[in-house]
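one predicted model, sequence on top.
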Amino acid sequence: MPKVAPNVFDYHDKFIVVHAVLACVATLITAPAAILIGRYFRTRRWWFNTHLILQTFTATLIIPSVALGLQSIAHNHHGDQLTGKKADPHHDLGLSILILFLVQFLIGVGAHYTHSEGYTKDSVFPTLTTPKNPLRHIHVMFGIIMTALLYAGVKTGMDEWDDVADNGTLVPKGVRVIYWVLFGLAVAAYFVGWIFEAIPGRGGSRPHSVDAGSTEKAE
C-alpha cells in the first residue's frame, strides 16, 4: 500500500473495503443461509427456489468482489499477484473460489433435475442412506468444500490486510469476533442436523417424503 497519513483510507483501501464487504456478506450470510435451507427444509415446496435465490445473490457478490480485488492490486502496479514473487495465497483462493463456485452452481442446477427415492424409512441418517443420483452427492460435498474455501478466503484476507497495511488501517478486532461467531454458528447449525436425524420422530424414523421442489418420486 502507498504510504499515506495514519488511519486514512486511500483509493486502494476503499476498493479493498468494498471487496471485503461483498465477500463477507457472501461468506457469512447468503452462502450458509442457502446451505441451511437445503439442510433443514427440503420437504418444503419453497426450499429450492429460496436456495437458488440465495446462491444467485452469493454469485453476484463473489464476482464483483474478485473483480474489485484484482483492480485494487492493479491500481498499485502490483500485477495480479497470482504468479511470480508477489503471488499470494489469498488471491489464489479468490480465483479458485470464483471458478469452483460457478462450477458448483451448474452442478446444483443439474442435480435439481435428477431423481431420487423418498427418505428411507427407519434409517438413522436418511440424508446419507437415501438412494440418490451421484450428482446430488457431489453437489452436497462440493458445497461443503466451497463454503470452507469461502471462510478461508475471508480469514486469509483479514490476515493479509494486517500484514501489508502501513497506515494504521488494521482490521478491527470486532470484525474478527463477528467473523468467528458467525462461522461457529453456521457450522454448529449444519452439524446439529445430524443429531436431529438420529432422533426418532425427528429424522431417522420419519415416513417417506418427497424432496419438494425437485424432480423426485416417492415410492
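Thanks, I have it. Numbering: from 1, shown residues only.

only C-alpha atoms from now on, for both contacts and neighbour counts.
Fine.

tell me where the model's unsure across the chain.
Filtered on pLDDT under 70, the chain yields the residue ranges 1-12, 74-87, 115-131, 165-168, 197-219.

where is the longest helix in it?
Ordering each helix of the chain by length in residues (DSSP state H) puts helix 134-164 first.

which helices and strands does it pack with?
Using 3 or more CA pairs under 8 Å, 6 or more residues apart in numbering; DSSP states H and E as the contact criterion, the secondary-structure elements in contact with helix 134-164 are helix 11-25, helix 31-40, helix 89-112.

I'd like those helices as TSV, with distance to residue 169 appended.
As requested, the helices and strands packed on helix 134-164 are arranged in TSV below (distance: least, CA to CA, whole Å):
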stretch	distance to residue 169
helix 11-25	9
helix 31-40	28
helix 89-112	19
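
I'd like the ones you listed laid out as TSV, including mean neighbour count.
Written out in TSV, the entries for the helices and strands packed on helix 134-164 read as follows (neighbours: other CA atoms under 10 Å):
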stretch	mean neighbour count
helix 11-25	18
helix 31-40	19
helix 89-112	17
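
tell me the secondary structure for the closest residue to residue 162 other than its chain neighbours?
Excluding the flanking residues, the one nearest residue 162 by CA to CA, 6 or more residues apart in numbering is residue 170, at 5.3 Å. For residue 170, the assignment made with DSSP: H, G, I helix; E, B strand; the rest coil gives coil.

okay, now residue 170: neighbour count?
Other residues lying near residue 170 total 15 when counted by other CA atoms under 10 Å.

next: the one 5 residues further on.
Per other CA under 10 Å, the neighbour tally for residue 175 reads 11.

wait, residue 150 sits on residue 27?
Yes - taking CA atoms under 8 Å as the contact criterion, residue 150 and residue 27 are neighbours in contact, 5.6 Å apart.
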